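Asks: With the input below, show me the fold.
(2 chains)
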Amino acid sequence: MNLDARRYVILTFILMVGIIYASRLFYMQVVDDQWVLRAQEIAEKRWEISPPRGVLFDRTGKKIVSNRTYYNLMMVEADIVDLDTAKFAKLIGWTREEVRNRFKEIVRGEGTYYNKNTHKRTPNYQKIRAYPFMKELTLEEVARIAPHLDNFKGFHEEITSMRSYPYANGANIVGYLSEVSQEEIDEDRFYKPGNNIGKAGLERFYEKELRGRKGIRYIVTSAMNNAIESYADGKYDTSALQGPPLKLGVDILLQAYGEKLLKGKRGCIVAIEPLTGEILALVSSPSYDPNLMIGKRNISMYYPKLLLDPSTPLLPRPLASEYPPGSTFKLLNSLIALQEGVITPEFGAPCNKSVVGCHNHASAGNLEDAIKHSCNPYYYAVMRRIVQQNRKKNVFADAEVGLNRWVDYMKSFGLGRKLETDITGLRPGLIPDVAFYDKWYGHHRWAFSTIRSISIGQGEVMITPLQMANIAAIIANKGWYYTPHFVKSIGSKGPLPEYLKKRYAKIDTKHYDVIIEGMRRVVYEPGGTGRRALLKDIVICGKTGTVQNPHGEDHSTFLAFAPMDKPKIAIAVFIENAKGGGGLWAAPTASLMIEKYLKRKITEKDREKTIIDAVFSYMR
Amino acid sequence: MRKGESLVAHMDWPLFASYIVMLIIGMATVYSVAYNEEHPNIYEYSEKYGKQLVWLGISLFLGLIVFLIDSDIYRKFSLPIYVFTLFLLVIVLFTPKINGARAWLGIGTMGVQPAEFAKIGTALLLARFISTVNVKQQNIQTVLIANAIILMPMVLILLQPDAGTFVVFTSFLFVMYREGITYDPLILKLINRIPGIRFKETWVGGHFIPILFVVIILSVITLLMSNEVLEFSFLPNVKVPGFYSVVATLFLISLIFLIFLRVVSARRERGRATLVVILGFSMAAALSSVVNYGFQGLRSHQKDRIELFLGMKEDPNGKDYNRNRAMAAVGSGGFLGKGYREASVSSVRSNHVPESETDFIFCPFAEEWGFAGTFILVALYMFMLVRIIIIAERQRAVFNRVYAYTVAMILFYHFAINIGMNIGFAPVIGIPLPFFSYGGSSMMSFSVMMFILLKLDSQRRDVLQ
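Replies: Next up is the predicted model:
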């Protein structure tokens, strides 16, 4: 038995273990990176510091959306010592049952981990972690509770920032914030559960600007989850940066006034500064107080109510409601006919009520008077000339050519497509084209007589009040516009570049004067349909519309700009199911808005009172 | 000691140097891991590094005393020393439990663990016993006495209970194997009862211990790797099941051996050695696959039991929790490490890895120094172990040789198990990493053990065989 050789067995054994261990260490430390990630998971934490959101100012510099400090009452179960539930419940104004239930609720809700890969929720409650016990307390509430928290170990208050709306107006413009959804978190790593995100209006459209930049601190944590030190002495830390302030073109006082005028009615007002395309006011009625939609507590209380309200206060009507434009559409058809050369300003047509109904007025001998009287048979004649230009022998093929040209003009007015306004919830409206009618009636199965109701803005044509106000601005500018927009400056920068691009309607400037003169006559000449818009020292040019619709009484609408020589405001008013035509409700409303904006005071007190006091039957 | 010669004249400097280097690295690691900003001074006694420094001083002082005493005393007094350590092991059983075990014997905060010193006592007596018997005529009685010397402290340690040290005592089996005291006589007695069979020795009986340990280690590693999938960052879409990596590693090692054999072995032995390596590889691979597929084929509750025992199961509060975190700390070190005192996972303050200054001290070291550090550490241990075996083999006295082997094997066990549990190769049983882990008992016992060896070696020429 050679025992001396056994030393090699033992040596081999030892060296083998050494080699295996060295290889394993090489694999673990150099090749396999799962342990680095695991170590980060264990020991490194990113602390995100959310900056306050950017604030919003109106065109006069008034702060219309600002931030307000709120408090959360946080709870760390591991620190709770002999909680006197009865006393604690009394302090926070809850019942003992509610306090006990809240503990269970936290374990089931906030204390779970959602795995977005498997879509499974797994318990992740940790006694050493802080969870919000009560959320979104106001300063008054926390001032009552905080001094007594010393007696209840394990509870402390924590500051959070939330929105506040000093003017309580323009809810459909600014929108609201709400907690991010899981999809939004998956889409953008910026968000963490519990963060807020803009869900509607400007808050949503300018979310990326308003949210600012999160500050990130990398820290090394201990097993008890408390911070030990900055990671790498803060080399990789970034500071939080508040989002830039947004200055809006909106005049908040005008906005508030518009909301006051439309109380008790369904409808909308859109006012635009023609020179810049800045939206001065965008009233949707009925609306809601934006302060109702601050924080989870409020949203869960009010949102369902607002959502189920039959008068749809959450709907931004000026952007999303599509109405037939009614007689206001005649302005565009006039312009197109002039541009096409199928009529001259001296064109006259009899008011033949056998073709289409009209109110009693003398037959229009020229275009201005046709606008003044809003003569329906006249516009049938105009439209026939646009659609049937006798370019093709076949009447159907001819109508196709004519309609194609007409659609082309309409599109250049920003109709039949979504305007690129800086807000969400826009609708395109509808300008029926050849394809539309082919589908509706069949190829070569329609001609002017089939589609003639579009000549007076009825039938298939649909338009949003925003588009309508934009038409007023285009006429005021005699042929061009900037896309209507809300934000005139982002921090120190101007508006988004697309709002600095001049866009043109395909109508020569020279054709507008006749139309504008006609619009003046609507308001200032006897027999005009918009006499109730008359102001003594400001010349308003306007056009009424009385929109037949299947939902009941006619809508009352008015499109206008003022002053005539140097337009400063273009406006569209829509009042739903108003008894009486555009002249009765929409025209005076528009004039009040114009006066309010240009003169800052109202001279027509009776007119104001009539409008404000009117409460339509459907709102009662 | 001859006259006129200095005390350290014949000391083995390479071994002593590697011991000192380890002490320094160990001390630096304890200082780093337990660092407290309020007491940055390493001499601060209220902190663990201050205490460790005191233990280190005491250990070196004990080493000096050991060096002053004539080496013959250890041979002569081996039985009383053994009995004394057994006595301490009995006494400790009557102390109150600390952390679930009666392992501490102490005054105030200065406690010692008798189990650590029992290793020395057992080593000395085993060496003494083996040096007195004629191994050529070994019989059942020799085997039983040798086993009894080991078993008595083992039983007492199991009563504490201290599973880690208990396992370490099996290292003596390797020493017995080296000295030819194997279970062969027992096996022969059984086999030779069969009529017609008359063996003088059996290969299996003779090499029973290493075979057994290879089987155990290979099985444990196979089991631990059976649920793992290896991925490589530079080879996406390549996933290697853990079992294949075990076989691949075995294959690589065999290949290295074959090349090694071609270089060093004599021509006439080459064929046989090659055959042995190939056979060994085949058997190891076969064993590994039997264990792997056998384990996969087990029913779930049986699997659970094995997984729990080996610490493979996801148990957030159990042993795997420690193992997983320790592995995260080690693995996150990268090639060059995070830098001294930059261990984010395994520092005492962060406390993500419990016991990171004692049983898991390899973690902060690996995290701070990366593979560069761990490779040097493993190499340093290999150097020390190989050096001790070289020293052992140059002794004239059997006593010295046996003792040297016990030191090598005990150190090897601590090394293999301690680092193994940091890299997922060994179940989590708490034993210290020699010269590194915070704690007086292990520091003193390993130092005394080392100095006795150095002393015996320095006087090896005085022994007449």
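
Asks: per-residue pLDDT, the closest residue to B:Ala404 other than its chain neighbours?
Replies: Nearest residue to B:Ala404 in three dimensions, chain neighbours excluded: B:Ala392, at 3.4 Å (C-beta to C-beta, 6 or more residues apart in numbering or on different chains). The way it works is simple: take the backbone N, C-alpha and C, and place the C-beta from them, glycine included. You'll see B:Ala392 listed with a pLDDT of 94.

Asks: do you know how far B:Ala392 is from A:Ala447?
Replies: Distance of B:Ala392 to A:Ala447, given as C-beta to C-beta, to the nearest Å: 114 Å.

Asks: so which helix or strand takes in A:Val615?
Replies: Assigned by DSSP states H and E, A:Val615 belongs to no helix or strand.

Asks: Now do it against chain B, distance only.
Replies: 64 Å (C-beta to the nearest C-beta, to the nearest Å).

Asks: Hmm, A:Gly264 and that residue touching each other?
Replies: Yes. A:Val615 lies in contact with A:Gly264 (C-beta atoms under 8 Å); the separation is 3.3 Å.

Asks: Settle it for me: which of those two has more neighbours?
Replies: A:Gly264 (17 against 11; other C-beta atoms under 10 Å in any protein chain shown).

Asks: Low-confidence regions, the chain specifically.
Replies: Since you didn't name a chain, this refers to chain A. A:1, A:44-48, A:113-120, A:221-236 (pLDDT under 70).

Asks: Hmm, no, I was thinking of chain B.
Replies: B:1-8, B:107-110, B:135-138, B:233, B:299-302, B:304-306, B:308-321, B:463-465.

Asks: Pull the number of nearby residues for the residue of it found nearest chain A.
Replies: Using C-beta to the nearest C-beta, the closest approach of chain B to chain A is made by B:Gly331 at 2.3 Å. Around B:Gly331 there are 28 other residues, counting by other C-beta under 10 Å.

Asks: Apart from its chain neighbours, what residue comes closest to it?
Replies: A:Trp35 (2.3 Å).

Asks: Now that the one you found has come up, it's in contact with A:Met28, right?
Replies: Yes. Taking contacts as C-beta under 8 Å, A:Trp35 lies within contact range of A:Met28: 6.1 Å.

Asks: residues shared between the contacts of the two?
Replies: B:Met327, B:Val330, B:Gly331 (C-beta atoms under 8 Å, 6 or more residues apart in numbering or on different chains).

Asks: domain assignment for chain A?
Replies: A:40-62+A:167-248, A:72-120+A:127-160, A:252-305+A:315-619 (automatic domain parsing).

Asks: what's the most buried one of the ones you listed?
Replies: domain A:252-305+A:315-619 (a mean of 20; mean count of other C-beta atoms under 10 Å in any protein chain shown).

Asks: Quick check: phi and psi at A:His156.
Replies: Backbone torsions of A:His156, given as degrees, to the nearest 10, read phi -150, psi 160.

Asks: Check what contacts the host helix or strand of A:Glu259 and list those residues.
Replies: For A:Glu259, the element it lies in under DSSP H and E is helix A:252-261. Contacts with helix A:252-261, where a contact means C-beta under 8 Å, 6+ apart, come from A:58, A:60, A:62, A:64, A:167, A:169-170, A:173, A:269, A:271, A:280-283, A:285, A:287, A:589, A:592-593, A:596-597, A:608, A:611-612.

Asks: Could you tell me how many residues sit around A:Leu308?
Replies: Neighbours of A:Leu308 (other C-beta under 10 Å): 9.

Asks: Toward the C-terminus from the helix or strand where A:Tyr378 lies, list the very next helix or strand.
Replies: Element membership for A:Tyr378 (DSSP H and E) is helix A:376-387. Counting by DSSP H and E, the element after helix A:376-387 in chain order, helix or strand, is helix A:395-412.

Asks: what distance separates that following helix from the middle of the whole chain?
Replies: 33 Å (C-alpha atoms, centre = their mean, to the nearest Å).

Asks: Give the other helices and strands that it contacts.
Replies: helix A:330-340, helix A:376-387, helix A:434-441, helix A:448-451 (3 or more C-beta pairs under 8 Å, 6 or more residues apart in numbering or on different chains; DSSP states H and E).

Asks: so how far is B:Glu357 from the closest residue in space to B:Val54 that isn't next to it in sequence?
Replies: Distance criterion C-beta to C-beta, 6+ apart; nearest residue to B:Val54, sequence neighbours excluded, is B:Tyr45 at 6.9 Å. Here B:Tyr45 is placed at a distance of 16 Å from B:Glu357 (C-beta to C-beta).

Asks: just to revisit the earlier point, between A:Trp35 and A:Met28, which one's more packed in?
Replies: Of the pair A:Trp35 and A:Met28, A:Met28 is the one with more neighbours under other C-beta under 10 Å, namely 24 against 21.

Asks: List the residues that contact the more buried one.
Replies: A:Trp35, B:Met327, B:Val330, B:Gly331, B:Ile423.

Asks: go on, A:Phe448?
Replies: A:Met383, A:Arg384, A:Val387, A:Gln388, A:Ala399, A:Gly402.

Asks: what about the strands in the stretch 351-465 of chain B?
Replies: Assigned by DSSP state E, counting those that start in this stretch, the stretch 351-465 of chain B shows no strands.

Asks: Show me the helices in it, by range?
Replies: Taking DSSP state H, counting those that start in this stretch, the helices of the stretch 351-465 of chain B run over residues B:362-393, B:398-422, B:440-458.

Asks: Please identify the most buried of these.
Replies: With a mean of 25, the top stretch among the helices of the stretch 351-465 of chain B by mean neighbour count (mean count of other C-beta under 10 Å) is helix B:398-422.

Asks: packing partners for that helix?
Replies: Using 3+ C-beta pairs under 8 Å, 6+ apart: helix B:398-422 touches helix A:6-26, helix B:114-132, helix B:163-168, helix B:172-178, helix B:319-331, helix B:362-393, helix B:440-458.
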